[in-house]
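Novice: Provide a 3D model corresponding to the input given below.
(chains A and B)
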Amino acid sequence: MPNFPVLFPQSFPVNLVVIGTIIFTGLVVLAVMRIAVSRMDMRNPRGVQNFVEWAIDFTRGTARDVMPTETAVRFVLPLAFFTMFFLFIANWLGLIVTIAVKLHHPIPVLGLTAAKLATTKGAVMFFDSPTANMSCALGLAVMVWLIAHARGLRHPKAWFRHFFSPSPLGLLEEITNPLTHGMRLFGNIFAGEALLTVMLNAPFAMGWIPWTAPLILVWLIYAGFVATVQAYVFTVLLCLYIGNKSFEGNAHA
Amino acid sequence: MSTLYIKAMFDIAAALLLGMGALGSGVGDGLVMSKYVEGISRQPEARGQIFAGSILGIAFVEAFPVIAMAFGIIILFGSGQL
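Specialist: Numbering: from 1, shown residues only, chains lettered A, B, ... in the order given. Next comes the predicted model:
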């Protein structure tokens, strides 16, 4: 388990690295979107604009597949598109670069006590995927859950009825859906990075043969695939969960 | 003796977690891929749509062993503390 600098380690631990990388990812998304908008040309689109337009079309297509009405699609499209873009960059961050710093003296104020540092030989993470943190991924899932219920509450009667419509067992979904939604993202990204760390720290065979190198290459390709697909899957489930609680129009549509 | 025993138990737990997860997801992946091949042999023109669906299905199936692996790594290297 990597060590992170943590604010208020005793009462309410706040992972500073995750907050920093969330803001960094947000800035990257903003910068890319700014570039895409600044060279906007309706007559002959090219470059980043083409890519962003394709990405928005793609998101709209996935949202239309799983949501009941066009109103709901229009409601969810900005959120779905930026969630997908944000998660895509956030998931790839930890594969492109992770920075670990070796500390020789413990800093108890930041939660880096001597006992904790001993477990990782003094290494402290300074740059990592924000989604490789359970709190971040579950926070995103809870955000989706809250938005879905806020949208469902526009029609309180239908919202109240949908809990019991097939059977009260549907109440169980209210807990399992956000839990698996967040855990799926966290598990995939964290496992990818943790296995990479394990393989990178493995000792060389006979002192000089880097026998993990082919394994690392294969796992990097797979982790890149997983990082891309998980951003897409999170977005599909976001559309599905919000669509399930959109009660305007025909319920059977 | 007892701390060694507990450590061994954690190792066995992680191994069982990974093994069972791999077993189940292997069967699941096989089912998804076999239906994918069946689907495109029946309707070759729908290949793109079926491919997107099967990738989504594999992502769902793969999620659980990977979650198991994340928890296995936590169990193994965090010696049980989340």
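
Novice: ranges for the strands of chain A?
Specialist: Applying DSSP state E to chain A gives strands spanning A:6-7, A:14-15, A:99-102, A:123-127.

Novice: run the chain-centre distance for stretch A:74-82.
Specialist: In terms of Cα atoms, centre = their mean, to the nearest Å, the gap separating the centre of stretch A:74-82 from the centre of its chain is 16 Å.

Novice: what's in contact with it?
Specialist: A:29, A:55-56, A:59-60, A:62-63, A:67, A:147, A:151, A:235, A:238-239, A:242-243, A:246 (Cβ atoms under 8 Å, 6 or more residues apart in numbering or on different chains). To be clear about C-beta, it is placed using only N, CA and C from the backbone, and glycine gets the same treatment.

Novice: 7 Å instead, please
Specialist: Applying Cβ atoms under 7 Å, 6 or more residues apart in numbering or on different chains, the contact partners of stretch A:74-82 are A:29, A:55-56, A:59-60, A:63, A:67, A:235, A:238-239, A:242.

Novice: where does chain B come near chain A, residue by residue?
Specialist: B:55-56, B:59, B:63, B:66-67, B:69-70, B:73-74, B:77-78 (Cβ under 7 Å from any Cβ of the partner chain).

Novice: among the strands of chain A, which is nearest chain B?
Specialist: Nearest to chain B, of all the strands of chain A, is strand A:123-127, at 12.6 Å by Cβ to the nearest Cβ.

Novice: got the CA positions of the closest one in CSV?
Specialist: The C-alpha trace of strand A:123-127 is given here as CSV (Å, rounded to 0.1, in the frame of the first residue of the first chain):
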residue,chain,number,x,y,z
ALA,A,123,8.6,6.0,-0.4
VAL,A,124,5.8,8.6,-0.5
MET,A,125,3.5,9.0,-3.5
PHE,A,126,3.4,12.6,-4.9
PHE,A,127,1.5,12.0,-8.2
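
Novice: please produce TSV containing the strands of chain A, extended by distance to A:P108, mean pLDDT and mean neighbour count.
Specialist: Formatted as TSV, the strands of chain A follow (distance: least, Cβ to Cβ, whole Å; pLDDT from 0 to 100; neighbours: other Cβ atoms under 10 Å in any protein chain shown):
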stretch	distance to A:P108	mean pLDDT	mean neighbour count
strand A:6-7	11	84	16
strand A:14-15	16	88	18
strand A:99-102	17	85	12
strand A:123-127	13	85	18
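
Novice: ok, back up a step: possible to save the residues of chain B next to chain A as JSON lines with pLDDT?
Specialist: Shown next, in JSON lines, are the residues of chain B next to chain A (pLDDT from 0 to 100):
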{"residue": "B:I55", "pLDDT": "81"}
{"residue": "B:L56", "pLDDT": "81"}
{"residue": "B:A59", "pLDDT": "81"}
{"residue": "B:A63", "pLDDT": "80"}
{"residue": "B:V66", "pLDDT": "82"}
{"residue": "B:I67", "pLDDT": "82"}
{"residue": "B:M69", "pLDDT": "82"}
{"residue": "B:A70", "pLDDT": "80"}
{"residue": "B:I73", "pLDDT": "79"}
{"residue": "B:I74", "pLDDT": "78"}
{"residue": "B:F77", "pLDDT": "73"}
{"residue": "B:G78", "pLDDT": "67"}
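
Novice: show me how to select, in PyMOL, the buried members of those residues.
Specialist: To isolate the buried members of those in PyMOL, using 16 or more other Cβ atoms under 10 Å in any protein chain shown:
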select buried, chain B and resi 55+56+59+63+66+67+69+70+73+74+77
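
Novice: hmm, back to that, which residue in the contacts of stretch A:74-82 has the weakest pLDDT?
Specialist: Ranked by pLDDT, those bottom out at A:M67, which scores 86.

Novice: skipping its backbone neighbours, what lies nearest that residue in space?
Specialist: Spatial nearest neighbour of A:M67, chain neighbours left out: A:G243 (3.6 Å); criterion: Cβ to Cβ, 6 or more residues apart in numbering or on different chains.

Novice: what is the neighbour count of that neighbour?
Specialist: 21 (other Cβ atoms under 10 Å in any protein chain shown).

Novice: tell me the contacts of it?
Specialist: Contacts of A:G243 by Cβ under 7 Å, 6+ apart are A:66-68, A:72.

Novice: how near is whichever residue of chain B sits closest to chain A to A:L238?
Specialist: Of all residues in chain B, B:I67 sits closest to chain A, at 3.3 Å by Cβ to the nearest Cβ. Note on B:I67: its distance to A:L238, by Cβ to Cβ, to the nearest Å, is 19 Å.

Novice: about what we covered before: for the helix or strand that the residue of chain B closest to chain A is a member of, packing partners?
Specialist: Element membership for B:I67 (DSSP states H and E) is helix B:47-77. In terms of contacts (3 or more Cβ pairs under 7 Å, 6 or more residues apart in numbering or on different chains; DSSP states H and E), helix B:47-77 is packed against helix A:170-200, helix A:213-244, helix B:2-42.

Novice: dump the ones you listed to JSON lines, plus distance to A:M1.
Specialist: Output for these, formatted as JSON lines (distance: least, Cβ to Cβ, whole Å):
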{"stretch": "helix A:170-200", "distance to A:M1": "8"}
{"stretch": "helix A:213-244", "distance to A:M1": "19"}
{"stretch": "helix B:2-42", "distance to A:M1": "13"}
